[in-house]
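Undergrad: what's the 3D shape of this:
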Amino acid sequence: MSSTELPGVRTTVEPISQVGGARVAEGEQLRTVALPGLEMNVRFRPPVREDMPPALFVHGLGGSSQNWSALMEVLADTVDGEALDLPGFGWSAPPADRDYSVTGLARAVIRHLDAAGRGPVHLFGNSLGGAVSTRIAAVRPDLVRTLTLVSPALPELRVQRSAVPTALLAVPGMAPLFGRLTRGLTAEQRTRGVTQLCYGDPARVTEEGFGQAVEEMRRRMELPYFWEAMTRSSRGIVDAYTLGGQHGLWRQAQRVLAPTLLVYGGRDQLVSYRMARKAAAAFRGSRLLSLPEAGHVAMMEYPEIVAAAFRELLHDTGRDTEDGTGTEDGKG
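TA: Numbering: from 1, shown residues only. Predicted coordinates for the structure are as follows:
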């Protein structure tokens with residue numbers, strides 16, 4: 001149900017530089033996309049060759065485009081990838097309309113894709129970004145070539161106990177209370193808490209990666225709109241959970257035509273592993289990758305495995321061809 005700005009688990013020292021204050025891994029670049037009432041930061045890797053199929057990566061609640069850096073690097077030989085900082089997160093400014101609902105965030109991503117003319121893309125989403133990506137794939141199938149969802153925040157009747165604080169943020173008046181209750185926590189303590197919550201094995205996080213995450217946590221906490229973005233986004237997830245009919249996320253999942261890869265972690269404390277079977281039944285012709293040792297951010301913990309499963313999806317459905325054609329049911 002939630003992800004956050006997290007350290008990577010790289011086993012080697014990852015070259016990092018600062019561009020405009022934002023961290024970029026070696027080979028990455030940043031640009032700003034300005035649309036009426038909307039300004040978003042985009043992280044991308046210049047394509048290694050011409051005519052590579054485009055991909056777009058959408059992070060989860062409290063996260064940023066940096067959550068996709070490891071997977072983008074592994075897939076650099078397969079897709080022309082870019083990752084967004086959703087409005088109000090990462091290095092993106094809040095949306096002018098202050099709409100952090102799942103529909104509002106989906107609209108922002110759609111506006112970016114329409115303006116850039118990059119569609120159809122291989123669309124990736126994690127947690128909240130998974131809900132956003134599901135809605136995009138359902139309402140704008142022309143923009144989505146394949147769909148890869150990592151622990152998507154789809155409605156659960158029995159929310160896991162560790163996800164309750166995120167849900168409580170949606171309650172009016174709770175954000176100031178949370179702020180007061182956690183005022184004494186340092187950025188290091190906060191980062192350690194979310195790392196333990198989101199990773200299957202927090203010990204795999206490098207010391208350098210953890211230090212960088214602490215710096216980013218400190219920066220985010222100083223932003224005047226930090227709690228607003230978190231609160232309104234949490235409320236957006238809860239509201240999306242309560243929608244029924246054709247606007248319900250499970251109903252929209254059934255409408256997705258794009259070949260779909262679902263990735264679930266056995267140690268996920270925020271999105272229940274038991275939801276994997278329901279999701280596999282909802283998305284037609286989908287395939288499921290279960291990672292027993294992974295937590296909520298499998299694309300950060302096991303990028304090579306997720307990348308291999310994505311490449312198999314492309315091959316088996318014919319989406320690795322130049323024109324990207326394939327069967328609608330994703331069975332190839």
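Undergrad: just the strands in the chain please.
TA: Here the chain has its strands, by DSSP state E, at 16-19, 22-25, 29-35, 38-44, 54-58, 80-84, 121-126, 144-150, 260-265, 287-291.
Undergrad: any chance of TSV for those, columns mean pLDDT, distance to Gly200 and mean neighbour count?
TA: C-betas here are computed from N, CA, C, even on glycine. What follows is those, written out as TSV (pLDDT from 0 to 100; distance: least, CB to CB, whole Å; neighbours: other CB atoms under 10 Å):
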stretch	mean pLDDT	distance to Gly200	mean neighbour count
strand 16-19	41	24	11
strand 22-25	80	22	19
strand 29-35	95	29	13
strand 38-44	97	24	22
strand 54-58	98	20	26
strand 80-84	97	22	25
strand 121-126	98	14	28
strand 144-150	98	13	28
strand 260-265	98	6	26
strand 287-291	97	8	18
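Undergrad: got JSON lines for the ones you listed, with distance to Ala240 too?
TA: Formatted as JSON lines, the strands of the chain follow (distance: least, CB to CB, whole Å):
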{"stretch": "strand 16-19", "distance to Ala240": "34"}
{"stretch": "strand 22-25", "distance to Ala240": "29"}
{"stretch": "strand 29-35", "distance to Ala240": "23"}
{"stretch": "strand 38-44", "distance to Ala240": "20"}
{"stretch": "strand 54-58", "distance to Ala240": "15"}
{"stretch": "strand 80-84", "distance to Ala240": "19"}
{"stretch": "strand 121-126", "distance to Ala240": "13"}
{"stretch": "strand 144-150", "distance to Ala240": "15"}
{"stretch": "strand 260-265", "distance to Ala240": "18"}
{"stretch": "strand 287-291", "distance to Ala240": "22"}
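Undergrad: tell me which of these sits nearest to Glu73.
TA: Among the strands of the chain, the nearest to Glu73 by CB to CB is strand 22-25 (6.8 Å).
Undergrad: show me how far the closest one is from its chain's centre.
TA: Centre-to-centre, strand 22-25 and its host chain are 17 Å apart (CA atoms, centre = their mean, to the nearest Å).
Undergrad: partner strands of it, with direction?
TA: With DSSP bridges as the test, strand 22-25 is paired with strand 16-19 (antiparallel).
Undergrad: tell me the buried residues in stretch 195-213?
TA: For stretch 195-213, burial by neighbour count (16 or more other CB atoms under 10 Å) applies to 195, 197-200, 202, 204-206, 209-210, 212-213.
Undergrad: pick out the most distant pair among those residues.
TA: Pairwise distances across these peak at 20.1 Å for Gly200 and Gln212 (criterion: CB to CB).
Undergrad: thinking again about what came up before, tell me the one of the buried residues of stretch 195-213 nearest Glu312?
TA: Using CB to CB, Gly200 comes nearest to Glu312 of these, at 22.0 Å.
Undergrad: the closest one and Tyr273 touch, don't they?
TA: No: Gly200 is beyond contact range of Tyr273, at 10.8 Å (criterion: CB atoms under 8 Å).
Undergrad: quickly list what's touching both of these two.
TA: Listed as contacting both Gly200 and Tyr273 by CB atoms under 8 Å, 6 or more residues apart in numbering are Gly265, Gly266.
Undergrad: before we move on, back to that, and of the strands of the chain, who's closest to Arg220?
TA: strand 22-25 (11.9 Å).
Undergrad: mind saving the C-alpha coords of that closest one as CSV?
TA: The C-alpha trace of strand 22-25 is given here as CSV (Å, rounded to 0.1, in the frame of the first residue of the first chain):
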residue,chain,number,x,y,z
ALA,A,22,19.0,15.7,-7.3
ARG,A,23,20.9,12.4,-7.3
VAL,A,24,21.5,10.6,-10.6
ALA,A,25,23.2,7.3,-11.1
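Undergrad: ok, now how distant is the nearest residue to Ala280 once chain neighbours are set aside from Glu156?
TA: Leaving aside its sequence neighbours, Ala280 sits nearest to Leu288 (CB to CB, 6 or more residues apart in numbering; 4.6 Å). Look at Leu288 and Glu156: by CB to CB, to the nearest Å, they are 17 Å apart.
Undergrad: quick check on the residue nearest the centre of the chain: phi, psi?
TA: Among the residues of the chain, the one closest to the centroid is His59, at 2.3 Å (CA atoms, centre = their mean). The phi/psi pair for His59 (degrees, to the nearest 10) reads phi -80, psi 180.
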